[in-house]
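Student: only the shape, not the letters, is given here:
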C-alpha cells in the first residue's frame, strides 16, 4: 500500500506490505518519522484494507478519532498526526487494484455491521465517510445525491460533486445513475457507466463515502374481503289491493256517509197539503 508523509510542505512517499506496522519517532518503530512520539500509530494492512489505531487522538479528514479506537482509512483520505504532519493514503494506480480494495472493504463492513432494521421506505445507510452512521430515506420518485444544498441526500464529502448521482424509483425498481460526476460513481466496487438497478445490500461509492442500499419492506398482503351474501330478489309491488280472507263486515253508521235528500220528498209534502185543502172545502160545501 502506498503512503505519502507530508511535513513542512515536503512530501515523502513510501510503501508498506501487508501486515502490522508501527509508525512513530522511536528507533524501534518500523516506520520512523522524526518529530512523532514513539509507537504513535499501528497500521494493519490486509487485502488492500487499512485499519489505523493510535495511542493519542488523531484525525481522519478532519474528524477526530479517540485513542485506542481502530479506524478504517480509505485511499485518498488524510490522517492528521499533528498541526504540521499528515499521512496520506495514496490512490491505487490501476482500476483493478482499486476494485479489489473496495470489495475487501465491503466484505469487512457487511460482515461486521449489524443488519439495519426493516423499513417501509427504501434507505441509504452511510458506512464510511463524514456522514457515517446516518440513514437517508428514499421517499420520493427521484432522489439526487451530492454535496449541494438543493439535493435530497446531502453529503459532507468534499470529494463528492454538488449533484453527483440520482436514484429513480419507477414500477417498484430503484435505478442508480451517475450525473457525469468527475470522480465517478461505483456500485459494489465497479464503476457505473449506465443506469443500473439496486438490490438489497448493494453498496454505492461516491467520493470517499460508502452507502448501503436497503430495499423497502414488503407490504403485508391484505386479507380478501368476504363476498356479500346475496339478498333475495324483491317482490314487485302490485297496484291492486291485497286480498283478505276475512268475512266482510257491515260498515257502521259513523263510517256510512250521509245520503243526500231526494227531490221527491218535497213533492209529497206539497201533495199532502193540497189534499188537506180539498177535504176542508168538501166539508164546508156539504154542511147544511
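Tutor: Perfect, I can see it now. What you are looking at is a predicted structure, and each value in this text was computed from that prediction instead of being measured.
Student: for residue 179, which non-adjacent residue is closest in space?
Tutor: In space, and not counting its chain neighbours, residue 179 is closest to residue 163: 5.3 Å by CB to CB, 6 or more residues apart in numbering. Every C-beta, even on glycine, is put in place using the N, C-alpha and C of the backbone.
Student: look up how far residue 132 lies from the one you found.
Tutor: Per CB to CB, to the nearest Å, residue 163 is found 22 Å from residue 132.
Student: which of these two has more residues huddled nearby?
Tutor: residue 163 (16 against 13; other CB atoms under 10 Å).
Student: separation between the nearest residue to residue 156 once chain neighbours are set aside and residue 158?
Tutor: Once flanking residues are discounted, residue 156 sits nearest to residue 130: 4.1 Å by CB to CB, 6+ apart. Distance, residue 130 to residue 158, using CB to CB: 8 Å.
Student: what about the helices in the stretch 1-150 of the chain?
Tutor: Using DSSP state H, counting those that start in this stretch, the helices found in the stretch 1-150 of the chain span residues 95-112.
Student: the closest residue to residue 3 other than its chain neighbours: neighbouring residues, count only.
Tutor: With sequence-adjacent residues excluded and distances taken as CB to CB, 6+ apart, residue 3 is closest to residue 14, at 5.5 Å. Neighbourhood size, residue 14 [other CB under 10 Å]: 13.
Student: isn't residue 14 right up against residue 6?
Tutor: No - contact between residue 14 and residue 6 fails when scored by CB atoms under 8 Å: they sit 11.9 Å apart.
Student: who does the nearest residue to residue 165 once chain neighbours are set aside bridge with?
Tutor: Distances taken as CB to CB, 6+ apart put residue 145 closest to residue 165, at 4.5 Å, once the chain neighbours are dropped. Going by DSSP bridges, residue 145 is paired in beta bridges with residue 153, residue 165.
Student: now residue 145: how far from residue 82?
Tutor: 34 Å.
Student: quick one, which of these two is more surrounded?
Tutor: residue 145 (28 against 14).
Student: could I get the contacting residues of the more buried one?
Tutor: Shown in contact with residue 145 (CB atoms under 8 Å, 6 or more residues apart in numbering): 124, 151-153, 155, 160, 164-167, 206, 211.
Student: save these as JSON lines, and put in distance to residue 86, neighbour count and pLDDT too.
Tutor: Below are those laid out as JSON lines (distance: CB to CB, whole Å; neighbours: other CB atoms under 10 Å; pLDDT from 0 to 100):
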{"residue": "124", "distance to residue 86": "30", "neighbour count": "23", "pLDDT": "94"}
{"residue": "151", "distance to residue 86": "30", "neighbour count": "20", "pLDDT": "95"}
{"residue": "152", "distance to residue 86": "34", "neighbour count": "16", "pLDDT": "93"}
{"residue": "153", "distance to residue 86": "29", "neighbour count": "20", "pLDDT": "95"}
{"residue": "155", "distance to residue 86": "23", "neighbour count": "26", "pLDDT": "94"}
{"residue": "160", "distance to residue 86": "21", "neighbour count": "25", "pLDDT": "92"}
{"residue": "164", "distance to residue 86": "26", "neighbour count": "27", "pLDDT": "97"}
{"residue": "165", "distance to residue 86": "29", "neighbour count": "24", "pLDDT": "96"}
{"residue": "166", "distance to residue 86": "34", "neighbour count": "20", "pLDDT": "97"}
{"residue": "167", "distance to residue 86": "35", "neighbour count": "24", "pLDDT": "97"}
{"residue": "206", "distance to residue 86": "24", "neighbour count": "26", "pLDDT": "91"}
{"residue": "211", "distance to residue 86": "27", "neighbour count": "25", "pLDDT": "92"}
